[in-house]
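Q: mind folding the following:
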Amino acid sequence: DAEEYTDLPVRHNEDHMNSELAKCLPFESNPHSFDSPHTKAHLLLQAHLSRTMLPCPDYDTDTKTVLDQALRVCQAMLDVAANQGWLVTALNITNLVQMVVQGRWLKDSSLLTIPNIEPHHLHVFRKWSSGVKGPRAGCHGFLECLPELVHACGGKDHVFSSMLEKELAAAKMKQAWNFLSHLPVIDVDLSVKGWWDDSAEGHSELSITTLTSDKRSDNRWIKLHADQEYVLQVSLQRVHIGFHKGKQDSHAVTPRFPKSKDEGWFLILGEVDKRELIALKRVGYVRNHQVICMSFYTPEVPGRYIYTLYFMSDCYLGLDQQYDIHLNITPASVSAQVNEEVSDASTDLKVK
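A: Okay, the predicted model is just below:
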């Protein structure tokens with residue numbers, strides 16, 4: 001019942017068209033509300049994500065209006081979720097933004113966001129083999145998501161073409177490669193900055209491993225003082241695989257979205273066990289290298305906690321990354337808290 005959709009037109013006889021359209025969509029609607037602009041907006045959103053044929057040209061125009069408003073509504077919802085500390089809600093809203101922009105359901109294979117790729121093409125990726133044998137074979141067989149396909153192609157369009165040469169015409173192949181070759185590949189490094197009693201000058205910086213290793217290893221647990229502010233530094237490095245030469249373009253490739261959109265990201269820090277959102281940052285286009293600072297407070301009670309950082313696209317499905325941050329919270333340090341208050345003016349601890 002968002003106010004933004006109150007004025008969406010429901011023309012003569014469109015209640016009947018809405019009723020017929022609803023039969024083709026996954027989520028049921030109230031059969032007594034097909035003359036409601038809100039029900040129509042819901043149906044058009046479902047049709048957009050399901051890529052269902054619309055009954056008339058007016059519905060195409062109305063869909064553009066619905067999609068334009070949808071991002072504004074999602075942004076407002078995300079602000080509320082962040083303010084209330086609702087982790088699961090924030091993650092779901094971010095996924096919804098991705099779905100709206102790419103015109104696919106989250107449950108669909110991310111490979112289906114590639115233009116001209118339909119479900120009957122997926123078998124091509126699942127059976128693909130690079131033909132390279134031995135320990136240097138790399139990624140081969142069972143390509144089930146966009147990152148695996150990007151890695152397999154390695155920036156070479158002839159590799160991608162060899163997969164689909166029997167499935168797509170040249171023009172459609174070019175459209176598909178244009179999408180795939182523009183996908184961002186971002187490396188993430190993490191560190192924590194703050195005050196420790198046992199550090200040489202009181203304040204220091206600790207790196208956090210982003211590699212998957214034995215969770216039982218004590219090396220994964222970083223010691224932080226209880227009830228103290230720290231800064232999580234997220235280093236984002238764009239990887240240039242050689243897809244394109246020349247000037248970079250900040251625009252995302254969004255063939256199903258009616259407006260031009262810049263590539264952007266969300267950084268969400270949360271504690272999964274408590275379903276609590278701790279911090280959220282919006283990040284714009286990462287051209288080369290960028291460092292984002294996220295301030296957070298440690299728990300008041302000493303013990304072991306696992307925070308999770310989610311690095312999520314605001315326009316692509318299937319490119320999200322997440323990292324567990326293992327915290328060993330030690331008793332609060334009075335000296336560290338005093339030093340922190342004295343150094344409030346320090347730019348090292350400021351989060352802008």
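Q: contacts, neighbours, all on C-alpha from now
A: Will do.
Q: for the chain, what helix or strand is lowest in average pLDDT?
A: Every helix and strand in the chain was compared by mean pLDDT, DSSP states H and E; the lowest is helix 334-342, with a mean of 57.
Q: how about the helices in the stretch 51-200 of the chain?
A: Counting by DSSP state H, counting those that start in this stretch, the stretch 51-200 of the chain has helices at residues 57-84, 87-102, 122-126, 146-153, 157-164, 170-182.
Q: so, low pLDDT: which residues of the stretch 151-300 of the chain?
A: Along the stretch 151-300 of the chain, the model assigns pLDDT under 70 to residues 198-203, 212-217, 241-247.
Q: CSV please, covering the helices of the stretch 51-200 of the chain and showing mean neighbour count.
A: Formatted as CSV, the helices of the stretch 51-200 of the chain follow (neighbours: other Cα atoms under 10 Å):
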stretch, mean neighbour count
helix 57-84, 16
helix 87-102, 21
helix 122-126, 16
helix 146-153, 19
helix 157-164, 15
helix 170-182, 16
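Q: make a markdown table out of these and add distance to residue 26.
A: Shown next, in a markdown table, are these (distance: least, Cα to Cα, whole Å):
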| stretch | distance to residue 26 |
| --- | --- |
| helix 57-84 | 18 |
| helix 87-102 | 15 |
| helix 122-126 | 22 |
| helix 146-153 | 25 |
| helix 157-164 | 30 |
| helix 170-182 | 27 |
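Q: ok, residue 109 - contacts?
A: 144, 145 (Cα atoms under 8 Å, 6 or more residues apart in numbering).
Q: same thing with residue 35?
A: 10, 14, 15, 18.
Q: so what pLDDT did it get?
A: Looking at residue 35, its pLDDT is 94.
Q: can you confirm it is in a strand?
A: No. Assignment of residue 35 by DSSP: H, G, I helix; E, B strand; the rest coil gives coil, placing it outside any strand.
Q: surely residue 77 and residue 91 touch.
A: No. Counting by Cα atoms under 8 Å, residue 77 sits too far from residue 91 to count as a contact (11.2 Å).
Q: out of the helices of the stretch 51-200 of the chain, nearest to residue 220?
A: When the helices of the stretch 51-200 of the chain are compared by Cα to Cα, helix 87-102 sits nearest residue 220, at 23.4 Å.
Q: chain neighbours aside, what residue packs nearest to residue 14?
A: residue 35 (7.3 Å; Cα to Cα, 6 or more residues apart in numbering).
Q: what is the neighbour count of residue 305?
A: If you count neighbours by other Cα atoms under 10 Å, residue 305 ends up with 17.
Q: check which residues of the helix or strand it falls within are buried.
A: In this assignment (DSSP states H and E), residue 305 forms part of strand 303-313. By neighbour count on 16 or more other Cα atoms under 10 Å, the buried set for strand 303-313 is 305, 306, 307, 308, 309, 310, 311, 312, 313.
Q: what residues does stretch 252-260 touch?
A: 64, 67-68, 100-103, 115, 179, 182, 251, 261-263, 315.
Q: related to what we said a few turns ago, for residue 323, find the nearest of the helices of the stretch 51-200 of the chain.
A: Across the helices of the stretch 51-200 of the chain, closest to residue 323 is helix 87-102 (Cα to Cα), at 14.4 Å.
Q: got the angle for that closest one vs strand 303-313?
A: 10 degrees (axes from the mean of the first three to the mean of the last three Cα atoms, to 10 degrees).
Q: check the offset of helix 87-102 from the chain's centre.
A: Centre-to-centre, helix 87-102 and its host chain are 8 Å apart (Cα atoms, centre = their mean, to the nearest Å).
Q: quick one: that helix to helix 57-84, angle?
A: Using the same axes, to 10 degrees: helix 87-102 against helix 57-84 is 150 degrees.
Q: may I have helix 87-102 as CSV, with CA atoms only?
A: Presented in CSV, the C-alpha positions along helix 87-102 are these (Å, rounded to 0.1, in the frame of the first residue of the first chain):
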residue,chain,number,x,y,z
LEU,A,87,19.8,-7.5,9.7
VAL,A,88,17.6,-10.0,7.8
THR,A,89,15.3,-7.3,6.6
ALA,A,90,18.1,-5.2,5.3
LEU,A,91,19.6,-8.2,3.4
ASN,A,92,16.3,-9.0,1.9
ILE,A,93,15.7,-5.4,0.8
THR,A,94,19.1,-5.3,-0.9
ASN,A,95,18.3,-8.5,-2.7
LEU,A,96,15.0,-7.0,-3.8
VAL,A,97,16.8,-4.0,-5.3
GLN,A,98,19.0,-6.4,-7.3
MET,A,99,16.0,-8.3,-8.5
VAL,A,100,14.2,-5.1,-9.6
VAL,A,101,17.2,-3.8,-11.5
GLN,A,102,18.0,-7.1,-13.3
